[in-house]
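# I would like to see how this sequence folds:
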Amino acid sequence: MSRTASKRALFYTAASSVVVLMFGLLMLLSIFSTYTEGAQLHDELAQHVTRPPIERPAYVPIPMEYEPEEVYVPETFTLPYGVTLPEVDFGALREINPNIVGWIILEGTPINLPVVQGENNYHYLNHLFDGRRSQVGTIFVDTYNRPGFVDHNTIFYGHNMQDGSMFSTLRSFRLQEFFDAHPMAFLLTPTGNYVIRFFAGHTTDVHSRSWRIQFADDAEMEGWIEENRRLSDFVSDVEVGPRDRLVTLATCTTSWESSNARYVVVGRLMPIG
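Numbering: from 1, shown residues only. Got it, this is the predicted structure:
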């Protein structure tokens, strides 16, 4: 090869490297811009969530004047002493997006987010809460779930973002110590507040039984609950029965076994009394 040809080859190689580098930088800037856009919106929405001051009322025992009738009442959850929940201005949030159905909080993590339910299971995969198109998406409830979290199992979907936002935290439930530090989440809704007490978390895929919403009978639901416990990465002592309402939080993950892998965390939904 002549000296001129050699120089020309080096020039083209260098030019190609510069083009590849510039393309890579543009991609990184695009991803960073997407994450920043989603984070800024969530910060703005969080202004509608405020924590009331902690009140410590004096304890006054209430005498039992009669024996109550034995009727089934959904078991409620009592917040630990001194713990308060934020107050959400759902009216203001509904003006931004009428599809809002709740606000989910996993204390000490980035999961402090609005929850919506749309007309299908695709729109909020790539749309923010305020309607802008974005890969960050929005946490949403399966469109086949009935309103009010009344089904046997209500499914929440959220992306696994590389910056740790949205539902990326769910993958941390693969570690027992993470579950021990985060055994429950809170779901605040326009009609009442709930706790989600986790009892199982594991890797699954889009073709598994994890996506069941209703069950034919108690035996089928009990079998589903035990299957989740058997597959779980952590051990939980939360009691769950066929009359309870459940919540499944789901996000994408990676697995050698499946290209359609998902990580799910399943919990018992209890109204806060």
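# count of neighbours near residue 80?
One way to gauge burial is a neighbour count; for residue 80, by other C-beta atoms under 10 Å, it gives 6. Using the backbone N, CA and C atoms, a C-beta is placed for each residue, glycine as well.
# can you check residue 195 too?
When neighbours are counted by other C-beta under 10 Å, residue 195 comes out with 20.
# so it makes contact with residue 186?
Yes: applying C-beta atoms under 8 Å, one finds residue 195 in contact with residue 186, separated by 5.9 Å.
# any idea how far residue 44 is from residue 130?
In this structure, residue 44 and residue 130 are separated by 9 Å, where distance is defined by C-beta to C-beta, to the nearest Å.
# ditto for residue 151
For residue 151, the distance to residue 130 equals 28 Å [C-beta to C-beta].
# of the two, who's got more company?
residue 151 (20 against 12).
# so the more buried one makes contact with residue 215?
No: in terms of C-beta under 8 Å, residue 151 does not count as a neighbour of residue 215; the distance is 9.7 Å.
# which residues of this protein score low on pLDDT?
Applying pLDDT under 70 to the chain picks out residues 1-34, 51-73, 255-258.
# now the strands for it?
Here the chain has its strands, by DSSP state E, at 49-50, 87-88, 100-105, 112-116, 139-141, 153-157, 184-189, 192-205, 245-252, 261-271.
# distance between the ends of stretch 147-161?
Across stretch 147-161, the straight-line distance between its terminal residues is 27 Å, by C-alpha to C-alpha, to the nearest Å.
# next, the buried residues of it.
In terms of neighbour count (16 or more other C-beta atoms under 10 Å), stretch 147-161 has its buried residues at 149, 151, 152, 153, 154, 155, 156, 157, 158, 159, 160, 161.
# chain center to it: distance?
For stretch 147-161, the distance between its averaged C-alpha position and the chain's averaged C-alpha position is 8 Å (C-alpha atoms, centre = their mean, to the nearest Å).
# was I right about residue 263 contacting residue 250?
Yes: the pair residue 263 and residue 250 passes the contact test of C-beta under 8 Å, sitting 7.2 Å apart.
# which residues do those two both contact?
Both residue 263 and residue 250 are contacted by residue 170, under the criterion C-beta atoms under 8 Å, 6 or more residues apart in numbering.
# separation between residue 36 and residue 134?
Relative to residue 134, residue 36 is positioned 10 Å away (criterion: C-beta to C-beta).
# who's more crowded, those two?
Residue environment comparison for residue 36 versus residue 134 gives the larger neighbour count to residue 134, 18 against 12, counting by other C-beta under 10 Å.
# and the closest residue to the more buried one other than its chain neighbours, how many neighbours does it have?
Leaving aside its chain neighbours, residue 134 sits nearest to residue 128 (4.8 Å; criterion: C-beta to C-beta, 6 or more residues apart in numbering). Other residues near residue 128 number 20, with proximity taken as other C-beta under 10 Å.
# I'd guessed residue 128 sits against residue 135; true?
No: between residue 128 and residue 135 there is no contact under C-beta under 8 Å: 9.8 Å.
# let me know the closest of the buried residues of stretch 147-161 to residue 270.
Set against residue 270, the nearest of the buried residues of stretch 147-161 by C-beta to C-beta is residue 149 (11.0 Å).
# hang on, the closest one packs against residue 247?
Yes: distance between residue 149 and residue 247: 7.4 Å, which falls inside the contact criterion (C-beta under 8 Å).
# quick one on the thing from earlier: could I get the strands of the chain as CSV with distance to residue 223?
Formatted as CSV, the entries for the strands of the chain read as follows, by distance: least, C-beta to C-beta, whole Å:
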stretch, distance to residue 223
strand 49-50, 38
strand 87-88, 36
strand 100-105, 27
strand 112-116, 28
strand 139-141, 24
strand 153-157, 13
strand 184-189, 24
strand 192-205, 13
strand 245-252, 13
strand 261-271, 14
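# quick one: closest of those to residue 79.
Among these, the nearest to residue 79 by C-beta to C-beta is strand 192-205 (8.1 Å).
# pairing partners for the closest one, with directions?
Strand partners for strand 192-205, identified by DSSP bridges, are recorded as strand 184-189 (antiparallel), strand 261-271 (antiparallel).
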